[in-house]
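**Student:** coords please:
(one chain, ligands or ions: 1)
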Amino acid sequence: MAEKKEHKIVSATTGSQMSKEEAAAANLAAKQAAAPVGSSTPYRIGAIVLWLLAIGCEVLAVLVTFGKIDLKFIPTLWQMVAFLVLDLICLIIGSQLWKKANRIKPASEKNKAKFWLWNNMGLIMTILCFVPFIVLLLTNKNADKKMKVVGVACAAIMLIIGGLLGYDWNPVSAEQKEAAMAAITGEVLWTNSLGGKVYHTHEDCQALNRTEELVQGSVEQAIAANRTRLCSFCARRDAITTVATDEVSEELLEQVVPEVPETAQEPAA
Ligand SMILES: [Zn+2]
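**Tutor:** Sure, this is the predicted structure:
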């Protein structure tokens, strides 16, 4: 009988030799990590539902203003303001869900119209949620003067707030995401701060000096968490040029990271 042959096992995931159990664990982990950031669809549906509710509130605000409906229990003026506030709340939450969906599944730059639309939906919906109301009030000569002044002022302020919060200030494209995932295969780090926009490849990055807690994950997870850019200092240290970075002046970069690291160091004598 032939002797049982010992095989060398190489993990399809890691490409390195390991035990069968280890390889299985690595492959399973990779399989589970295939969609580590989940699906964008629930966020898009949620955004659309909330935007429709917002427009519904705008319609109610119009109907109340022109006396088509009256809820009786509060003055008409407050009914109008209340519907405008609800309009704004639904709009803002919808816009945030939409932006989250864009981080999970960014639009491709190749389709320019869709790319523009996907990144500007929050702004477009803001206009739809307040401009018709403003126009209707301004063009109607029979509307109560006080209602008119308060309504237009409120809607104008909300238009600005909704626009600022709804606009995508930090857009990312499918191509940028792909490039980042190709260039950085290891784990990255980012801070929990509310306005954070970058992720780092080095834990000792000078930009992280004052941060205590860091989140560690893949580039895909970082982008889903709205960290759409690689830190400029880390990019310089790693000599990465294909990934979108935050904008830091060349002077500051030179100061902090004096030179691009050599790929091969001279062996010690
Ligand atoms: Zn950094």
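
**Student:** identify the residues contacting the nearest residue to residue 186 once chain neighbours are set aside.
**Tutor:** Setting aside the residues directly before and after it, residue 186 is nearest to residue 201 in space (CB to CB, 6 or more residues apart in numbering), at 7.2 Å. Where C-beta positions appear, they are placed from N, C-alpha and C, glycine not excepted. Residue 201 sits next to 184, 186, 188, 189, 230, 231, 234, 235, 237, 238, 240 when contact means CB atoms under 8 Å, 6 or more residues apart in numbering.

**Student:** got the contact list for the third one?
**Tutor:** When you say that, I think you mean residue 188. Going by CB under 8 Å, 6+ apart, residue 188 touches 199, 200, 201, 216, 217, 218, 219, 222.

**Student:** what does residue 70 give?
**Tutor:** 64, 76, 79.

**Student:** ok, it to residue 131 distance?
**Tutor:** 25 Å (CB to CB, to the nearest Å).

**Student:** repeat for residue 73
**Tutor:** Residue 73 sits 29 Å away from residue 131, going by CB to CB.

**Student:** so between the two, which is more surrounded?
**Tutor:** residue 131 (14 against 7; other CB atoms under 10 Å).

**Student:** can I assume that one sits in a strand?
**Tutor:** No. Using DSSP: H, G, I helix; E, B strand; the rest coil, the secondary structure at residue 131 is helix, not a strand.

**Student:** tell me the contacts of residue 172?
**Tutor:** Contact analysis of residue 172 by CB under 8 Å, 6+ apart lists 102, 103, 106, 223, 228, 244.

**Student:** can you count the residues close to the last one?
**Tutor:** Translated: residue 244. 16.

**Student:** list the contacts of stretch 112-119.
**Tutor:** So stretch 112-119 is contacted by 102, 106, 107, 108, 109, 124, 168, 171, 173 (CB under 8 Å, 6+ apart).

**Student:** state the pLDDT value of the residue of the stretch 1-150 of the chain found nearest the ion.
**Tutor:** Proximity of the stretch 1-150 of the chain to the ion (CB to the ion) peaks at residue 103, 19.7 Å away. On pLDDT, residue 103 comes in at 94.

**Student:** likewise for residue 257?
**Tutor:** So residue 257 comes in at 66 (pLDDT).

**Student:** what residues does the chain have near the ion?
**Tutor:** Taking CB under 5 Å from the ion as the contact definition, the chain meets the ion at 200, 205, 207, 231, 233, 234.

**Student:** contacts only, for residue 181.
**Tutor:** Going by CB under 8 Å, 6+ apart, residue 181 touches 218, 219, 220.

**Student:** and the helices in this protein, which stretches?
**Tutor:** Ranges of helices in the chain, per DSSP state H, are 20-32, 41-65, 76-104, 112-139, 145-166, 174-183, 219-224, 232-238, 250-256.

**Student:** could I get these as CSV with distance to residue 212?
**Tutor:** What follows is these, written out as CSV (distance: least, CB to CB, whole Å):
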stretch, distance to residue 212
helix 20-32, 28
helix 41-65, 30
helix 76-104, 25
helix 112-139, 32
helix 145-166, 28
helix 174-183, 26
helix 219-224, 18
helix 232-238, 19
helix 250-256, 21
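
**Student:** list the contacts of residue 38.
**Tutor:** Residue 38 sits next to 104, 224 when contact means CB under 8 Å, 6+ apart.

**Student:** what do you get for residue 126?
**Tutor:** Residue 126 touches 91, 95, 159, 162, 163, 166, counting by CB under 8 Å, 6+ apart.

**Student:** what does residue 110 give?
**Tutor:** residue 175.

**Student:** can you read off the pLDDT for it?
**Tutor:** 95.

**Student:** same thing with residue 74?
**Tutor:** With respect to pLDDT, residue 74 has a value of 87.

**Student:** look up how far residue 90 lies from it.
**Tutor:** Counting by CB to CB, the gap from residue 74 to residue 90 is 20 Å.

**Student:** kindly report the same for residue 29.
**Tutor:** Using CB to CB, residue 29 is found at 40 Å from residue 90.

**Student:** thank you, goodbye.
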